[in-house]
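Asker: Pasted the sequence and its predicted model underneath.
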Amino acid sequence: MKKKMISLLLLIALLGILFISSGQTYEQQSLVPTLQKWLPHQPLENLLATLKIPYWGIIVSVEERGYYYFLEFLIRKSAHFFTFAFIATTMYIALPKKYPRAIIAAVCSLIIAILDEYYQSLTGGRTHLAADVGIDFAGVCSALLIASFVNYLRDKRRHSISR
């Protein structure tokens with residue numbers, strides 16, 4: 001019960017952070033000045049320059065955006081993936097085991113991702129993209145597959161010990 005309560009509180013905190021973050025303009029969230037300060041010698045530039053990522057009808061690359069903006073792009077998209085992975089996982093843990101937790105967590109997380117993109121559309125200087133919902137949902141599915149597998153192994157182990 002304590003684990004479920006902690007998961008529920010963590011879920012509420014994550015949703016609050018998501019709400020605040022999605023309500024900020026790009027300029028308020030820009031990581032570029034911080035990256036320029038922390039990474040003045042542009043580490044891994046040669047490696048990153050080999051990446052070309054198709055996204056929203058364009059190819060995103062160091063050549064197309066520049067080192068710091070490309071690195072920021074990677075960080076932002078990773079944040080989408082992992083934020084929604086954490087949201088889905090905390091929801092999965094908080095739900096009672098008698099329900100199909102993975103399905104409920106996946107559907108609820110997808111709805112949250114769609115609403116989050118809509119909310120971003122109301123914020124100046126922000127875009128709302130179906131591609132971001134796709135990244136969010138990839139994080140959701142990855143996390144729930146791992147959580148379900150871990151839960152399966154845990155249940156199997158408990159069952160074999162009780163024999």
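Answerer: Done, it's in. Residues are numbered from 1 along each chain as shown.
Asker: rest of the way, CA atoms for contacts and neighbours
Answerer: Fine.
Asker: If you count contacts, what does the longest helix along the chain end up packed against?
Answerer: The helix that spans the most residues within the chain, counting by DSSP state H, is helix 130-161. Counting contacts by 3 or more C-alpha pairs under 8 Å, 6 or more residues apart in numbering; DSSP states H and E, helix 130-161 is packed against helix 67-94, helix 101-121.
Asker: Which strands and helices lie in contact with the longest one?
Answerer: Spelled out, it's helix 67-94. helix 2-22, helix 32-38, helix 101-121, helix 130-161.
Asker: what is the orientation angle of that helix with helix 101-121?
Answerer: Angle of helix 67-94 versus helix 101-121, following axes from the mean of the first three to the mean of the last three C-alpha atoms, to 10 degrees, is 140 degrees.
Asker: Quick check: buried residues in helix 67-94?
Answerer: By 16 or more other C-alpha atoms under 10 Å, the buried positions in helix 67-94 come out as 67-73, 76, 80-94.
Asker: returning to what we had before: could you dump the helices and strands packed on helix 130-161 into CSV with distance to P33 added?
Answerer: Formatted as CSV, the helices and strands packed on helix 130-161 follow (distance: least, C-alpha to C-alpha, whole Å):
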stretch, distance to P33
helix 67-94, 9
helix 101-121, 22
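Asker: still on that earlier bit, right, so of the helices and strands packed on helix 67-94, which gets closest to V60?
Answerer: helix 130-161 (13.4 Å; C-alpha to C-alpha).
Asker: what distance separates the longest helix of the chain from the centre of its chain?
Answerer: 14 Å (C-alpha atoms, centre = their mean, to the nearest Å).
Asker: Show me which residues of it are buried.
Answerer: Buried residues in helix 130-161, counted by 16+ other C-alpha under 10 Å: 132-144, 147.
Asker: Can you list the low-confidence ranges for this structure?
Answerer: 162-163 (pLDDT under 70).
Asker: Quick check: S61 vs A88, distance?
Answerer: 30 Å (C-alpha to C-alpha, to the nearest Å).
Asker: tell me the angle of the longest helix of the chain relative to helix 101-121?
Answerer: Using the same axes, to 10 degrees: helix 130-161 against helix 101-121 is 160 degrees.
Asker: re the thing from before, looking at the helices and strands packed on helix 67-94, spot the one closest to G57.
Answerer: Closest of the helices and strands packed on helix 67-94 to G57 is helix 130-161, at 10.1 Å (criterion: C-alpha to C-alpha).
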